[in-house]
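> Test case, fold it:
(one chain, ligands or ions: 1)
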Amino acid sequence: MVENRNDVSSFLSYCLQNNFPFFAYQLPETGRIQIGVQTDLDLKDYQVLSELDAVNGFVFSPFDSESRHKSWLIRSDISLQASEIKSNSIPLLEAYQLKKEEELPKEVMLESASTLYFNQVTEMIKDLKNGKLNKVILSRVQILEGMGLNDAVESFLKLSEAYHSAFVFLVAIPNVGTWIGASPETLLSSKNSEVETVALAGTQKLSDRLMSQVKWEDKDVKEQAFVSSYIEEVLAQHNVRDYKRTGPVSSQAGNVVHLKTTYLLSGKMSFPQLSSLVQDLHPTPAVCGLPKIKALELIREVEQHDREYYAGYLGPIESNGSISLFVNLRSMKVLENQMALFVGGGITADSLPDKEWEETCLKAQTLLNVIRS
Ligand SMILES: C=C(O[C@@H]1C=C(C(=O)O)C=C[C@H]1O)C(=O)O
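The predicted model follows:
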């Protein structure tokens, strides 16, 4: 990064230590970190995105809208680019003294044991073979001990330096959580008159091959096609018929490759239209499954951890109606003395438990390789 890396790091650490709700993110292919800080603790929660028309801020929404976790908006009362931060930027924040909430007991999370994961995959494959559903995503939690809140900013900066094609983020909401990640998956983004969404699924290690040498097995092709057909169905329900579809093509995300179809929708869409698309797209079969309700029920029944905001969506929204929302993937929740990394993968009737496990390890490596470097 830039010459002012230390100043950016101090500024973000100050926000974190002083209980500010804030966000920092780098949109794909921009190489630019944008920061927004809310200067009070009066956070707004929402049920549907359309409630947030004409505001500037950042939304943070859970995987399961029926869970106890709410969807939040962080206002950007102070908005700046990382490149603008100087050694004297902290006084901007010193004017606001946010009340420290009374100390809650320190949260601790448990790692998903590998034996548990193997039992769960096997159970899910049985249901898939019985034809109860076509695809479901099983996730697990990996705990990094010896890392915690003091490492959050440095980990975020390293991810922003390593991954230019991802959506790299650090989000902190007091009493809700602090998350960092590098997501390869757009949920819905709209700028000027271009609206984009993607169908992303299928995973393999890139190793030392060129992207053009990557070949896909039937199982991955099918798995990704479930996501594409779901997106096309949702677009049709919204009467969106005028779009350009590209792919599926191989798309790199760190040390792994996915299959990706991109949908470019022509014509400007209003914020309420975009909101209702988001409402219906999320969660896609890339992180939930197909049919959606059956998959959601199976995930609720089988997974023993709470996904919270993993596989939810997040990103900036602007008062001019622009949104850039991504799926909360390749991410972790940062606790005082732990980081909890969430990883999952699509399971179909053809899945082999060992390969699925390996896939989650590969996905975890995309973060671990960078933050442990
Ligand atoms: C569920 C995750 O990733 C999703 C699942 C994929 C798969 O099943 O192959 C690939 C990309 C993502 O859409 C994750 O990273 O945790």
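> Which phi and psi values does the closest residue in space to I90 that isn't next to it in sequence adopt?
Once flanking residues are discounted, I90 sits nearest to Y14: 5.3 Å by CB to CB, 6 or more residues apart in numbering. C-beta coordinates here come from the backbone N, C-alpha and C atoms, glycine included. The phi/psi pair for Y14 (degrees, to the nearest 10) reads phi -60, psi -40.
> Name all residues that make contact with E101.
Counting by CB atoms under 8 Å, 6 or more residues apart in numbering, E101 touches 19, 174-175.
> That one and the ligand: what is the separation?
31 Å (CB to the nearest ligand atom, to the nearest Å).
> Extract the residue ranges of the chain that are flagged as low pLDDT.
The chain contains residues with pLDDT under 70 at 1, 102.
> That one against the ligand: which residues are in contact?
Proximity of the chain to the ligand (CB under 6 Å from any ligand atom) is limited to residues 137, 139, 185, 200-203, 258, 286-287, 329-330, 343-346, 363.
> Try it again at 5 Å.
200-201, 203, 258, 286, 329, 343-346, 363 (CB under 5 Å from any ligand atom).
> Single out the residue in the stretch 1-150 of the chain that lies closest to the ligand.
In the stretch 1-150 of the chain, the residue found nearest to the ligand is I137; the distance is 5.3 Å by CB to the nearest ligand atom.
> now the residues of the chain next to the ligand as JSON lines including secondary structure?
What follows is the residues of the chain next to the ligand, written out as JSON lines (DSSP: H, G, I helix; E, B strand; the rest coil):
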{"residue": "L200", "secondary structure": "strand"}
{"residue": "A201", "secondary structure": "strand"}
{"residue": "T203", "secondary structure": "strand"}
{"residue": "H258", "secondary structure": "strand"}
{"residue": "A286", "secondary structure": "coil"}
{"residue": "L329", "secondary structure": "coil"}
{"residue": "V343", "secondary structure": "strand"}
{"residue": "G344", "secondary structure": "strand"}
{"residue": "G345", "secondary structure": "strand"}
{"residue": "G346", "secondary structure": "strand"}
{"residue": "K363", "secondary structure": "helix"}
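> Buried ones among these?
200-201, 203, 258, 286, 329, 343-346, 363 (16 or more other CB atoms under 10 Å).
> Now these in JSON lines, please, with extra columns for distance to S65.
Putting those into JSON lines (distance: CB to CB, whole Å) gives the following:
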{"residue": "L200", "distance to S65": "21"}
{"residue": "A201", "distance to S65": "22"}
{"residue": "T203", "distance to S65": "26"}
{"residue": "H258", "distance to S65": "25"}
{"residue": "A286", "distance to S65": "17"}
{"residue": "L329", "distance to S65": "18"}
{"residue": "V343", "distance to S65": "22"}
{"residue": "G344", "distance to S65": "18"}
{"residue": "G345", "distance to S65": "22"}
{"residue": "G346", "distance to S65": "21"}
{"residue": "K363", "distance to S65": "24"}
